[in-house]
Structure formats: structure tokens, C-alpha cells
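**Q** missing the sequence, but the structure's below:
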């Protein structure tokens, strides 16, 4: 495996973005992600080109201008404090992000065909899901899931995992077009909560030996701002260290014109789902909702 799939913070920036993963960088066709740091009073203008994108505050607030339409985003103090609002920009648009007080903003994107209208996504309308049970409990903010918000190809969700818990579990994959599974390129962008600057988590991506190819096999220690690319293969678990809640932003897109998150579990671990029946969720979730600090 020669392609780099774990991108530590600070190693994949370009053109003034703290992080810039294009389809060309990732060696695939559709999914991309940029992370923009803005100092107080700063602005950044960009063209969406052949991709639709979302402006998602990770910290701070901003104003977003999209082809003359303006949206004020309340944002949030950090990813663990609140479900945030966001703005959608279609392909072939000019976007300006301005932040009076500064902040960090994720720009998940996907190459697409249809040009939809610019739109605002209020925090209060984001579907929040509690998934799993016991030490596999996590919170999923389905802000741009197929059911949560209309896009052409882009799918994006946030997952918050309490310290010591596992998520993205049981391991699953989406690299074949067949009933119950779709082909999706996926990006994981991580942030770590808890005290101090040394919080960490772990992310697994792998292919069974029988799958052939060049052998995806990653067990990455992830820290604040790291990215893991999933071109194919099973991925999970995502492991939060005790005392350090784990946040990740998932960005997905693929060739199927119908937006979907269809996937299949690793058969060796599928039984885990049945073990959740009748078991209580971790009381630490939801970690936040739309009423948290901005």
C-alpha cells in the first residue's frame, strides 16, 4: 500500500487551508474536504467549481456569501458544545466566508452534476441520533445525511463518541455495488476533547486477505485535526481513549446518483449488533444538542 491514508494535522494543507484533500490527492473521484482557519476579521473567497460544498463551523461563527445570497451562521464554541447550523453552496458558485471573531470551518464537498440553490441549515433541524448501546454508544448528527438535508451527491455526518467508547462499530464497508451496499469514498476528520493537548484516539481500516488489491491495512493513532481516508475496505472501530471524547466528521460520495449510506458489516463482527438488544445507552449521550454555547 503506497498511498498515504493517515494524514496527521499539518501535513496536508495547501493554498492557505489548514487541510486540503482533493479527489486527486486521495486518488478517487468524488469526495473532498478542506478546513479553513480564519483570524478575527478575516475572509476567504473560493469557487466551488464542479463540486457542491457545505460550510460547517467547527469553532466560531461566520457569515457566508454565496452568489449574492448571505447566511449568518451562529456556529459553536467547539464541536462538543453544540450542534451547529451550516450553509450549503452548489457547484459553479463563488463563496466568501467571513468571521468577525475568527474560527475554524470545515468545507466537506463532492463532485456532482445538478446545481441546487444555496441554502441554510438551522441547528434545530439537524436530526440527532443515538446509535449503539453500552460502551458502543455514540451520538450521530445527521446534518447532511440523505434523509437530513438535500444535496446532489454529498453526504456528511458528525459522530461524537464518549471517552472510552467505540464507534464505527461493528466494522463495515461500502466498496461494492450490490443489494444493501453502495460504493462510497469516505473521509474521517478527527477532533479530540478532554483536558490538555495530548488527547488521542485510534482508527482501524483494513481489507480481508482474500480481497487482493494492494492491501489497505491501517491502525492509526489519531489526534486533533488528523484525517484518515477510506478508499475501500472495512473501517472501524473508531476508539476514544478514556477521558477524551472523540469527534469525527464523515464525508462520503460515490458514483451512485441516489444518495445513500448503504454498507455491510464485517461478517466476523456482525453479531455485535444483536448484543445491543435490551441494553441501555451510555447516559453521557447526547453529548450536546442545538442549545449549547455558541
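**A** Thanks, I have the structure now. On a predicted model such as this, the values are computed, not experimentally measured, just so you know.

**Q** give the residue spans of the protein that score low on pLDDT.
**A** 1-2, 209-214 (pLDDT under 70).

**Q** all helices of the stretch 1-150 of the chain, in order?
**A** For the stretch 1-150 of the chain, applying DSSP state H, counting those that start in this stretch gives helices covering 23-26.

**Q** ditto for the stretch 151-294 of the chain
**A** According to DSSP H, counting those that start in this stretch, the helices that the stretch 151-294 of the chain contains are 272-275.

**Q** against residue 227, how distant is the residue nearest to residue 259 when sequence neighbours are not counted?
**A** Leaving aside its chain neighbours, residue 259 sits nearest to residue 146 (4.1 Å; criterion: CB to CB, 6 or more residues apart in numbering). To be clear about C-beta, it is placed using only N, CA and C from the backbone, and glycine gets the same treatment. For residue 146, the distance to residue 227 equals 23 Å [CB to CB, to the nearest Å].

**Q** do the same with residue 80
**A** Taking CB to CB, one finds residue 80 at 19 Å from residue 227.

**Q** now do residue 16
**A** Distance check for residue 16 against residue 227: by CB to CB, it reads 17 Å.

**Q** one step back: how far away is the residue nearest to residue 259 from residue 256?
**A** Computed as CB to CB, the residue 146 to residue 256 distance reads 11 Å.

**Q** do the same with residue 32
**A** 18 Å.

**Q** who's more crowded, those two?
**A** The residue with more neighbours, out of residue 32 and residue 256, is residue 32; 24 against 13, by other CB atoms under 10 Å.

**Q** is that one in a bridge, and if so with what?
**A** On the basis of DSSP bridges, residue 32 is bridged to residue 109.

**Q** that one against residue 110, yeah?
**A** Yes. At 7.1 Å, residue 32 and residue 110 qualify as touching, with contact defined as CB atoms under 8 Å.

**Q** what touches both of the two?
**A** 51, 251 (CB atoms under 8 Å, 6 or more residues apart in numbering).

**Q** list the strands paired with the longest strand along the chain, with their directions.
**A** If you go by DSSP state E, the chain has its longest strand at strand 51-66. Strand 51-66 has the following strand partners under DSSP bridges: strand 69-76 (antiparallel), strand 86-89 (antiparallel), strand 94-99 (antiparallel), strand 103-111 (antiparallel).

**Q** between residue 16 and residue 227, tell me which one has more neighbours.
**A** The neighbour comparison of residue 16 against residue 227 (other CB under 10 Å) goes to residue 227, with 26 against 11.

**Q** ok, the more buried one to residue 96 distance?
**A** Distance from residue 227 to residue 96, by CB to CB: 25 Å.

**Q** again with residue 238
**A** Taken as CB to CB, the span from residue 238 to residue 96 is 34 Å.

**Q** the two: which is more packed in?
**A** Using other CB under 10 Å, the more surrounded residue of residue 238 and residue 96 is residue 238, with 25 against 14.

**Q** in the sheet, who's paired with residue 206?
**A** residue 217, residue 234.

**Q** how about it, what does it touch?
**A** By CB under 8 Å, 6+ apart, the neighbours of residue 206 are 171, 216-218, 233-235.

**Q** what about 6 Å?
**A** By CB atoms under 6 Å, 6 or more residues apart in numbering, the contact set of residue 206 is 217, 233-234.

**Q** repeat that for residue 289.
**A** Per CB under 6 Å, 6+ apart, neighbours of residue 289: residue 83.

**Q** try it again with 7 Å
**A** Residue 289 sits next to 83, 128 when contact means CB atoms under 7 Å, 6 or more residues apart in numbering.

**Q** from residue 82, how far off is it?
**A** Separation of residue 289 from residue 82 (CB to CB): 7 Å.

**Q** with residue 154 instead?
**A** Applying CB to CB, the value for residue 154 to residue 82 is 22 Å.

**Q** which one's more surrounded, the two?
**A** residue 154 (25 against 21).

**Q** how about that one, what does it touch?
**A** 52, 54, 108-110, 112, 144, 253.

**Q** run the last query once more with 6 Å
**A** 52, 110, 253.

**Q** now those residues in CSV, with neighbour count?
**A** Formatted as CSV, these follow (neighbours: other CB atoms under 10 Å):
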residue, neighbour count
52, 26
110, 29
253, 30
